[in-house]
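K.L.:
turn this into a structure:
(one chain, ligands or ions: 1)
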Amino acid sequence: MASGSGSNFEAIATAINQGTLNARIEIVIYNNPNAKVVDRANRLGIPVQLLDHRTFESREALDEAIVVALAAAGVDWIIMAGWMRRVTERLISAFPRRILNIHPSLLPSFPGVRAVEQALAAGVKIAGCSVHYVELVVDSGPIVMQAAVPVLPNDSVDTLQARIQQQEHRIFPEAIAIAAQINSSKIDKS
Ligand code: GRF
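P.N.:
Sure, this is the predicted structure:
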């Protein structure tokens, strides 16, 4: 699921194509008609489906449509790669412990929007990104993997964000593999 540029989506697709992540992307759900992720998906031959939040009467109604679309596509996991909508219990309960999100901060610091701006404003010297399970409270679920980057004296939001994104692209495919591994070992034991 993506709302914007889709660089994390492409990093995941590349890891799959290179054989470093054993997974398959069945569908890309996007909510913003202008999202660049569509161009990337088209180039990679991955199906896309637009579910524009503005055409739904509630968050629950959007999430219901997402659940239906993902069930039809036969997906096991949801990967939120820059999905900019808050999700509801409707989506979370349909995929228990099978939704991952990436956030551009070292959680639990700086949850929510404009995380990179928040980090710069706070004057931290180390920033980073986190891959975590999705729970109802935004950016709150258990952390799977993190990466840290230095904040340099002349950093702008753009330069720091670019440094963080390089790490996002590295850790997201790895975190997906780790989470899938944890889940399958739990199933094995039961
Ligand atoms: C990433 O920085 C991610 O941390 C945040 O949204 C951004 C998405 O970037 N949740 P992209 O669309 O993957 O390029």
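K.L.:
show me what the longest helix along the chain is packed against.
P.N.:
With secondary structure taken from DSSP state H, the chain has its longest helix at helix 157-189. Using 3 or more CB pairs under 8 Å, 6 or more residues apart in numbering; DSSP states H and E, the elements in contact with helix 157-189 are helix 7-17, strand 99-103, helix 115-122, strand 126-133, strand 143-150. Where C-beta positions appear, they are placed from N, C-alpha and C, glycine not excepted.
K.L.:
what is the distance between it and the centre of its chain?
P.N.:
Centre-to-centre, helix 157-189 and its host chain are 9 Å apart (CA atoms, centre = their mean, to the nearest Å).
K.L.:
and that helix, which residues are buried?
P.N.:
Using 16 or more other CB atoms under 10 Å as the test for burial, helix 157-189 gives 160-161, 163-165, 167-169, 171-177, 179-180.
K.L.:
touching, residue 173 and residue 18? I think so.
P.N.:
No: if you go by CB atoms under 8 Å, residue 173 and residue 18 don't touch, sitting 9.3 Å apart.
K.L.:
quick one: contacts for residue 152?
P.N.:
By CB atoms under 8 Å, 6 or more residues apart in numbering, the residues touching residue 152 are 159, 160.
K.L.:
how about it, secondary structure?
P.N.:
Here residue 152 is recorded as coil under DSSP: H, G, I helix; E, B strand; the rest coil.
K.L.:
ends of stretch 25-41, what's the gap?
P.N.:
10 Å (CA to CA, to the nearest Å).
K.L.:
in contact with the residue in the chain positioned nearest to the ligand, which residues?
P.N.:
The ligand sits closest to residue 82 of the chain, with a gap of 2.7 Å, by CB to the nearest ligand atom. Counting by CB under 8 Å, 6+ apart, residue 82 touches 2, 3, 4, 5, 6, 7, 8, 9, 37, 102.
K.L.:
for it, phi and psi?
P.N.:
phi 80, psi 40 (degrees, to the nearest 10).
K.L.:
same question for residue 73.
P.N.:
phi -80, psi -10.
K.L.:
how many neighbours does the closest residue to residue 10 other than its chain neighbours have?
P.N.:
With CB to CB, 6 or more residues apart in numbering as the criterion, residue 10 has its nearest non-adjacent residue at 4.9 Å, and that residue is residue 40. Applying other CB atoms under 10 Å, we find 19 other residues in the vicinity of residue 40.
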